[in-house]
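> Give me a 3D structure for the following:
(chains A and B)
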Amino acid sequence: TQLLEQSPQFLSIQEGENLTVYCNSSSVFSSLQWYRQEPGEGPVLLVTVVTGGEVKKLKRLTFQFGDARKDSSLHITAAQTGDTGLYLCVPQGPGTYKYIFGTGTRLKVLA
Amino acid sequence: KAGVTQTPRYLIKTRGQQVTLSCSPISGHRSVSWYQQTPGQGLQFLFEYFSETQRNKGNFPGRFSGRQFSNSRSEMNVSTLELGDSALYLCASSLHRDRGRDTQYFGPGTRLTVL
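Coordinates of the predicted model:
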């Protein structure tokens, strides 16, 4: 059983569309990070959400941490081809959580 | 500040051979972690080093080993390569061992192909 389940696994959309991807777990985390990995590169941190219910915006990307701190979502408004990549969530907290990346959502935005 | 560098970027080996990958962390970062990334398994944690000591280890066979030098540079070694070892090997550095909310900065990875 995966600690973190991300959905959907794959998503292919047209430029300009909106989308939401999810990161779910049955465990509670002190915080959660989202990374994006572009082809041929390593993951790059996008955001860290810390407080239950917290919403953070990064230009067209909106991140939300669930009230119970077990899940998170990433919403992209008016997707662009530059948003293409693998989106990964990773929990933060004591113990070995910090080494466990989610299964990932592979997003492709078509021009 | 220079980012995390990994060498080589690409490597082709045959079964039974061994390989050594290198990682130079961001200046001042003392923690280095290694991950294996494959399409089927995603990102899987191999091990973490802090101040030249292995602090945590993932669920990989003993063929996978690593070390860290006094300047925080790290190497990982895979002996007796198998076809299933073909993967992108990522190195990440961070400031603190007990990361909590610490951020991992990843290198571009080494793409290993085993024939």
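
> correct me, but residue A:45 touches residue A:32?
No: Residue A:45 lies out of contact with residue A:32 (C-beta atoms under 8 Å); the separation is 11.5 Å. Glycine gets a C-beta too; all of them are placed from N, C-alpha and C.

> So which of these two has more stuff around it?
Set side by side, residue A:45 and residue A:32 show more neighbours around residue A:32, with 28 against 15, by other C-beta atoms under 10 Å in any protein chain shown.

> Rounded mean pLDDT for the helix or strand where the more buried one lies, please.
Counting by DSSP states H and E, the element that carries residue A:32 is strand A:31-37. On average, the pLDDT along strand A:31-37 is 93.

> name the helices or strands packed onto it?
When contacts are defined as 3 or more C-beta pairs under 8 Å, 6 or more residues apart in numbering or on different chains; DSSP states H and E, strand A:31-37 packs onto strand A:44-49, strand A:61-65, strand A:71-76, strand A:85-92.

> so which of those comes closest to residue A:37?
For residue A:37, the closest of those is strand A:85-92, at 4.3 Å, according to C-beta to C-beta.

> could you point out which element follows that closest one?
With elements assigned by DSSP H and E, the helix or strand that comes after strand A:85-92 is strand A:105-110.

> Any buried residues in that following strand, and which?
In terms of neighbour count (16 or more other C-beta atoms under 10 Å in any protein chain shown), strand A:105-110 has its buried residues at A:105-107, A:109.

> Neighbouring strands of it in the sheet, and parallel or not?
Its sheet considered, strand A:105-110 pairs with strand A:10-14 (parallel), strand A:85-92 (antiparallel) by DSSP bridges.

> which residues touch that strand?
If you take C-beta atoms under 8 Å, 6 or more residues apart in numbering or on different chains as the criterion, strand A:105-110 is touched by A:6-15, A:19, A:21, A:76, A:79-87.

> ok, of these, which come out buried?
A:6, A:11, A:13, A:19, A:21, A:76, A:79, A:83-87.

> so which pair among the residues you listed is furthest apart in space?
A:6 and A:79 (17.2 Å).

> sorry, back to before: residue B:87 is nearest to which of the helices and strands packed on strand A:31-37?
Residue B:87 lies closest to strand A:85-92 among the helices and strands packed on strand A:31-37, at 14.5 Å (C-beta to C-beta).

> What is the neighbour count of the closest residue to chain A within chain B?
Nearest residue of chain B to chain A, counting by C-beta to the nearest C-beta: residue B:106, 3.0 Å away. Other residues near residue B:106 come to 22 when the count uses other C-beta under 10 Å.

> Go ahead and confirm it touches residue B:90.
Yes: Residue B:106 lies in contact with residue B:90 (C-beta under 8 Å); the separation is 5.5 Å.

> tell me, what's touching the two both at once?
A:42-43.
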